[in-house]
Structure formats: structure tokens, C-alpha cells
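Q: got a sequence here, can you model it:
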Amino acid sequence: MADEAQGGGIHIDPMHQFVVKPLFGQPGDHVGMLTVTNATLWMAIAVLCVVLLLVVGTRGRAIIPSRLQSIAELAYGFVYKMVEDVAGKDALQFFPYIMTLFMFIVFANMLGLVPMSFTTTSHVAVTAVLALAVFLTVTIVGFVKNGTKFLGLFWVNSAPLPLRPVLAIIELISYFVRPVSHSIRLAGNLMAGHAVIKVFAGFAAIAAVAPFSILAITAMYGLELLVAFVQAYVFTILTCVYLKDALHPGH
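A: Model (predicted):
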């Protein structure tokens, strides 16, 4: 975590934990499109955790649920109510997609807090794919459900007529910026928190400040557990908001 520098100080590299490395072969080997990396491994583990919780954990469908079934039912009810309250009852047909999205992000975020793991959602390459998938889905649904009326999302009827073209341009730009903000928000928050933890861990090598460093790491871990859930919630609820715009562009 920390190395002695030539000048006798401590060198801390908080960004080294985010380096994508090939799972097989040497660390310096080229990473191509089909290379199995540490990011691939931890995304697969996140998917496996989702399957174990939602499929294996609920296969008994017991009247008195087990712990896994209780957690799965709580997650199901939480996301179901979010979709219904934010996007409306007609958006429930997209519930399986939104539920899968939420659970994957939650597990990817949480797994990133396991020592020696890799935080896949700290990379914009991962979060951008998730955000673009939402953006394309919402846009396609908007035109399929409403046709050209979907363009009414960019025309502010309540504004004075001379301002409407200007506002339409602003609304159009903000619409296409959605996947950028959607992805960077998630990746940035995860990366920042893990980098701070790494910095505090580096100072643990100094005996005089080690106790304070350990306390700071413990506090940051507690905060990052909250951030892991909150960022998954924010990503999902924004997805519901965008879906509502696609289904009801005039509202």
C-alpha cells in the first residue's frame, strides 16, 4: 500500500488498485477486447451473486422465508415500488430490466469493498455501457410508444413562445448529456471513496499515526458501504425518471 521513496518518505499510489490486468499471463501483457481480466472476473462474480440471491435463494418459495429469501423479497419489493412510484404502473413491464440493473450495481459496488478485490463500477468503461443501455432503451421506447410526440419532451409549452426554441436546444443538449452524467456520477463516487481508503491505508505504515489511520479506514469503510447502496439507488431511480419521460413525454 505504501513504499519507501528514495528521499525517505512514503509513496502512496491510490490509483494502482484501478488498473485492469489480464487474469492469465504476465501483468504487463496487452489487454485486448477478448482478454479475461480482473474486471471480467469480478463482474462475473457480481452476476453469480445476483443469481444465487434471486434464483437459488428463492427456489424454495417458503411461507416462512429463509434469510436469503427475505433479502431477495425485500430487494424485489423495494425496486418494484420505486418503479411504480416514479415511472408509473405502465413502466412495470420494464421491472425485470431495472431490477437486474439495480442488483448488479449493488453487488459490484459491495464486492469492491472486499480486500484484494476489484471495483468494476469505478471504471467509466463499465458504467458508460450501463448508462448507454438505459439511454438507448429509453429513447427507443419513447419513439415506439409515442412516435413523433416523443419530441414534445424538448418543447416547453409553458414557456413564452420566443424562448421555446432556445429552451428546446438546451433540453436537447441535456438529453444527450444524460448518459455522460449517469455514468460518471457512479464511477466517480466509487473511485473517489476507494482512493481515499488507499491513502489512509498508506499512512498506516507510520507507527505514530497508525491508530488514527485505522480509525479513518474503518469510518471510510462504513461510509463506502452506504455509498455503494446509495449510488446503486441513484442510478436506478434516474433510470426510472428517464423511463417516465419516455412513457409520458407530455407530463
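
Q: now Leu172: closest residue in space, sequence neighbours ignored.
A: Closest residue to Leu172 apart from its sequence neighbours, by C-beta to C-beta, 6 or more residues apart in numbering: Phe154 at 5.2 Å. Using the backbone N, CA and C atoms, a C-beta is placed for each residue, glycine as well.

Q: OK, contacts around that neighbour?
A: Ala168, Glu171, Leu172, Tyr175 (C-beta atoms under 8 Å, 6 or more residues apart in numbering).

Q: run through the strands of this structure in chain order.
A: Remark: strands assigned in the chain by DSSP state E are 2-4, 10-12.

Q: comparing these, which gets the lowest mean pLDDT score?
A: Mean pLDDT per stretch puts strand 2-4 lowest among the strands of the chain, at a mean of 47.

Q: so how far is Gly222 from His209?
A: No, residue 209 isn't His; it's Val. 20 Å (C-beta to C-beta, to the nearest Å).

Q: wait, Glu171 touches Asn157, no?
A: No - in this structure Glu171 lies outside contact range of Asn157 using C-beta atoms under 8 Å: 12.0 Å.

Q: between the two, which has more neighbouring residues?
A: Each of Glu171 and Asn157 has its neighbours counted (other C-beta atoms under 10 Å); Glu171 has more, 14 against 8.

Q: check contacts around the more buried one.
A: Leu153, Phe154, Trp155, Val156.

Q: got a ChimeraX select line for the buried ones in those residues?
A: With 16 or more other C-beta atoms under 10 Å as the criterion, this ChimeraX line picks the buried residues out of the contacts of Glu171:
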select :153,154
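
Q: returning to that earlier point: Val209 and Gly222: who's more crowded?
A: Comparing Val209 with Gly222 by other C-beta under 10 Å, the one with more neighbours is Val209, at 13 against 10.

Q: gap between the residue nearest to the more buried one when sequence neighbours are not counted and Thr58?
A: The shortest distance from Val209 to any non-neighbouring residue, by C-beta to C-beta, 6+ apart, is to Phe203 (5.4 Å). For Phe203, the distance to Thr58 (C-beta to C-beta) stands at 44 Å.

Q: before we move on, what about Ile169?
A: Plainly put, Ile169 is 48 Å away from Thr58 if you go by C-beta to C-beta.

Q: which of those two has more residues huddled nearby?
A: Thr58 (18 against 11).

Q: in the stretch 151-251 of the chain, where is pLDDT below threshold?
A: Low-confidence segments of the stretch 151-251 of the chain (pLDDT under 70): 250-251.

Q: let me fix that, I meant to ask about the stretch 1-150 of the chain.
A: 1-10, 27-28.

Q: and the helices in it?
A: 38-51, 67-87, 95-111, 124-146 (DSSP state H, counting those that start in this stretch).

Q: likewise for the stretch 151-251 of the chain?
A: Ranges of helices within the stretch 151-251 of the chain are 164-203, 210-247, based on DSSP H, counting those that start in this stretch.

Q: how far does the last one sit from the chain's center?
A: Translated: helix 210-247. 9 Å (C-alpha atoms, centre = their mean, to the nearest Å).

Q: noted, bye for now.
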